[in-house]
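> heads up, no residue letters with this:
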């Protein structure tokens, strides 16, 4: 609308100017030799404009003629650029679909048409990676280092290639250089954090986490959790060489993660060594509420050296009150009761464990209980045999690796905090045997009869066993023959000793 108004205004101004010029008196005389030409003002003005426009047209024609070669070259370059962009697009699509030959051909065409432009170098590197050509891929990535806008991409590509060929030192150098050039690059920060933690450079790893939190690249809660794990790992490394500093690091870790098992154990043991038993007990009790663990139980029961077995049993009962449903509470209670020779409490705790899940640890404790309380070697051998085929107890597991102690970094992926306290991978045979034992020997077996004579053992119920191979027959499963109940014929090493007239559990 504004342009239309301006056009009409200019048109009215030109018309007014011509009308004014036509009304003015006078004329223009043009002398050519002895000839004079008289023109009115309006005619002279129109003639001047015509001459001006003709001159401009002639000048434009001559200028176009002289610039024609450069214009032809420009048009050719534009066509090459368009074809090059099309080749890049084809190559990226081919990489996305996994078409190796088309991607390589498109990369060659794009390089011929566009040269070493960033997208061409990226296409060339990715097509080489798709083809497994490491040398050409690294050449393309190194060419990216010469340009500021592609340097970070080139370093990432070189880092990936170094990781693929297993060159950890080179990969670390590339990640370190990338982090220096672009501190906001997430991949460089994560890679350097993994390298620092994998090399036990805990202080440097903590600095990287703090920097990521300050730059808002890492969530604050995630940063606190990771920092606590790194502090606990640092404390674990120097727990023996520098226990005071280890205790301080563990205390700092507990401020962010009160339930961290390793930090709670280290800090509590250090407080116990200094004589601050009440504070050490509070530290373990706080962690026990979140994560009941055997290491915490051991540290809690032995928090004061020289205490009697009854004192340790009292502490075990405190742990059981804090987490009454936890299996580790029953394990701690059974262990302390055995040491205090409170066999009734130990058997009660172990009965619940065996009935719930008869793991190897529970079976071994039952064997120890039978040994200490009754001296019945037949039952001891029976429980030991069952322990050899029972499911494994929880352990520190990460990426298929089972460790006896906590580790901050997974040896497979380098992930921080990958180790979890959980059931390790169990063999199929272990599951099958455990189910057969539970089906066959679930009932309570009483061998004490009135009058002091041994009662007959009830026959085990016939339980269907699934076939695990073509040789397994429904009439006589192979597993049933392999796992017959182990009932001793002799009472143990003391045949003259009378049998205890009480019930006990053999296979729960």
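Sure, I can see it. None of the values given here were measured: they were computed from a predicted structure.
> Could you give me the buried positions within whichever strand or helix holds residue 136?
Here residue 136 sits within helix 134-144, counting by DSSP states H and E. Judged by neighbour count using 16 or more other CB atoms under 10 Å, the buried positions of helix 134-144 are 136-138, 140-141, 143-144. Bear in mind the C-beta positions are built from the backbone N, C-alpha and C, glycine included.
> How about stretch 170-178?
With the criterion 16+ other CB under 10 Å, stretch 170-178 contains buried residues 171-178.
> chain center to that stretch: distance?
Mean-position distance between stretch 170-178 and its chain equals 20 Å (CA atoms, centre = their mean, to the nearest Å).
> which ones are touching residue 29?
For residue 29, the contacting residues are 36-39, taking CB atoms under 8 Å, 6 or more residues apart in numbering as the criterion.
> average pLDDT for stretch 103-121?
Confidence for stretch 103-121, expressed as mean pLDDT, is 86.
> for stretch 386-393, that is, sorry about that
Per-residue confidence for stretch 386-393 averages out to 91 on the pLDDT scale.
> What's the end-to-end length of that stretch?
As for stretch 386-393, its first-to-last residue distance stands at 14 Å under the measure CA to CA, to the nearest Å.
> try stretch 251-268
Counting by CA to CA, the length from the leading to the trailing residue of stretch 251-268 is 9 Å.
> coming back round to it: in the helix or strand just after the helix holding residue 136, what's buried?
Taking DSSP H and E as the definition, the helix or strand that follows helix 134-144 towards the C-terminus is helix 151-164. The neighbour-count check on helix 151-164 (16+ other CB under 10 Å) flags 151-162 as buried.
> and helix 151-164, what other elements does it pack with?
Helix 151-164 sits against helix 118-131, helix 134-144, helix 168-181, helix 186-198, with contacts defined as 3 or more CB pairs under 8 Å, 6 or more residues apart in numbering; DSSP states H and E.
> can you pull the pLDDT of residue 426?
The predicted structure lists residue 426 with a pLDDT of 74.
> same thing with residue 39?
At residue 39 the predicted local confidence, pLDDT, stands at 72.
> So in terms of bridging, what pairs with it?
residue 28 (DSSP bridges).
> and residue 284, how many residues sit next to it?
Around residue 284 there are 29 other residues, counting by other CB atoms under 10 Å.
> With the one 10 residues further on instead?
Residue 294 has 16 neighbours, counted by other CB under 10 Å.
> Please name the nearest non-neighbouring residue to it.
In this structure, residue 294 finds its nearest non-sequential neighbour in residue 328, 6.2 Å apart by CB to CB, 6 or more residues apart in numbering.
> My reading is that that neighbour is in a strand; is that accurate?
No. In this structure, residue 328 is helix, not part of a strand, as judged by DSSP: H, G, I helix; E, B strand; the rest coil.
> Now do the contacts for it.
For residue 328, the residues meeting the contact criterion (CB under 8 Å, 6+ apart) are 292-294, 297, 319.
> pLDDT at it, what is it?
For residue 328, the predicted pLDDT is 95.
> which residues sit in contact with the closest residue to residue 129 other than its chain neighbours?
Computed as CB to CB, 6+ apart, the closest residue to residue 129 that is not its neighbour in sequence is residue 137, at 4.9 Å. For residue 137, the contact set (CB under 8 Å, 6+ apart) comprises 125-126, 128-129, 157, 161.
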